[in-house]
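Q: attaching a predicted model along with its sequence, questions to come.
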Amino acid sequence: MKLITAGNISDAVASALRELGFDAVPTLENTNVLSGLGYHPDMQLVRVGNTVVCDPGLYDYYSDIFAGTSFKLLCGKAQTQCNYPQDVAYNIKVAENNVFHNFKYTDEVLLELLDGMNKIDVSQGYSGCSICTAGHDAIITADTVIHAAALRHGIDSLLISPGHIQLPGFNYGFIGGASFYHDGGLYFFGNVKTHPDFAQIYDFCRNHGTRIYSLTTDELYDYGGAVTLD
């Protein structure tokens with residue numbers, strides 16, 4: 001199972017992914033965004049079905065990765081830059097037929113690809129890293145606006161306390177960036193038991209038939225999620 005992960009994941013995370021059968025492909029650092037976010041997949045590319053849209057500055061790199069696969073790679077038009085909101089064009093959350101973002105800032109190639117999906121417009125430009133998919137029509141977030149919007153659209157949402165996730169250079173990271181969902185499993189970069197709301201997270205996932213995996217014994221770490229290519 002191929003997986004695009006941050007190019008700076010720890011050796012322990014890389015080893016855990018290999019043991020679980022994932023073939024982790026590293027991102028290339030995007031030097032146009034803040035240094036702590038440069039390797040984050042959720043700042044660089046988005047998968048919608050069998051199509052992936054990426055930052056134009058990284059298109060040549062990802063073209064080599066996607067060559068010979070069943071995925072179609074599209075070059076986005078928005079060149080990400082250092083400051084918000086110029087850095088969030090690809091930081092959207094696709095959860096089945098639902099898409100969360102502040103669509104004023106979504107890349108136009110990506111926005112066209114989302115036509116026909118249930119677009120849930122929120123004020124949070126960093127929707128991708130703020131939302132953790134936890135099963136069918138189920139998410140976890142620390143963002144109260146996203147939480148309320150999800151519930152209005154019939155999506156079950158668990159609201160957790162912010163923080164308790166490492167992201168060097170920032171006060172804290174986000175639950176979506178500290179995890180990825182694949183085939184009924186929710187994988188955390190670090191040990192989800194270190195989060196004070198672990199009991200609620202565990203019960204929420206169990207109620208949705210989702211298995212939990214902690215990739216290391218360390219505190220949760222925001223690597224910008226991952227893009228699965230199954």
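A: Here it is on my side, so go on. Residues are numbered from 1 along each chain as shown.
Q: how near is the residue nearest to G154 when sequence neighbours are not counted to G116?
A: Spatially, and ignoring its direct neighbours in sequence, G154 is nearest to D137 (6.8 Å; CB to CB, 6 or more residues apart in numbering). Bear in mind the C-beta positions are built from the backbone N, C-alpha and C, glycine included. D137 sits 18 Å away from G116, going by CB to CB, to the nearest Å.
Q: quick one: the nearest residue to N171 once chain neighbours are set aside from I146, how far?
A: Among residues not flanking N171 along the chain, G163 sits closest, at 7.4 Å (CB to CB, 6+ apart). From G163 across to I146, the span is 16 Å (CB to CB).
Q: the more surrounded of these two?
A: I146 (24 against 14; other CB atoms under 10 Å).
Q: still on that earlier bit, D137 and G116: which is more packed in?
A: D137 (17 against 7).
Q: next, count neighbours for L159.
A: Neighbour tally, L159, other CB under 10 Å: 18.
Q: which of the helices or strands spans the residue lying closest to it once chain neighbours are set aside?
A: Spatial nearest neighbour of L159, excluding adjacent residues (CB to CB, 6+ apart): H147 at 4.4 Å. Using DSSP states H and E, H147 sits within helix 144-152.
Q: buried set for that helix?
A: For helix 144-152, burial by neighbour count (16 or more other CB atoms under 10 Å) applies to I146, H147, A149, A150.
Q: repeat for stretch 195-202
A: Buried, per 16+ other CB under 10 Å, within stretch 195-202: H195, D197, F198, I201.
Q: residues contacting the residue located most distally from the centre of the chain?
A: For the chain, the residue at maximal distance from the C-alpha centroid (CA atoms, centre = their mean) is G68, at 24.3 Å. G68 is in contact with no residue at all, counting by CB atoms under 8 Å, 6 or more residues apart in numbering.
Q: can you give me the helices for this structure?
A: 11-19, 59-66, 108-113, 127-130, 144-152, 198-207 (DSSP state H).
Q: closest to T27 out of those?
A: With CB to CB as the measure, helix 59-66 is the member of these nearest T27 (8.5 Å).
Q: other SSEs contacting the closest one?
A: strand 51-54, strand 72-75 (3 or more CB pairs under 8 Å, 6 or more residues apart in numbering; DSSP states H and E).
Q: the first one pairs with which strands?
A: So the one you mean is strand 51-54. strand 45-48 (antiparallel), strand 72-75 (parallel) (DSSP bridges).
Q: most tightly surrounded among those strands?
A: strand 45-48 (a mean of 21; mean count of other CB atoms under 10 Å).
Q: quick test: name the residue nearest the centre of this protein.
A: G225 (3.9 Å).
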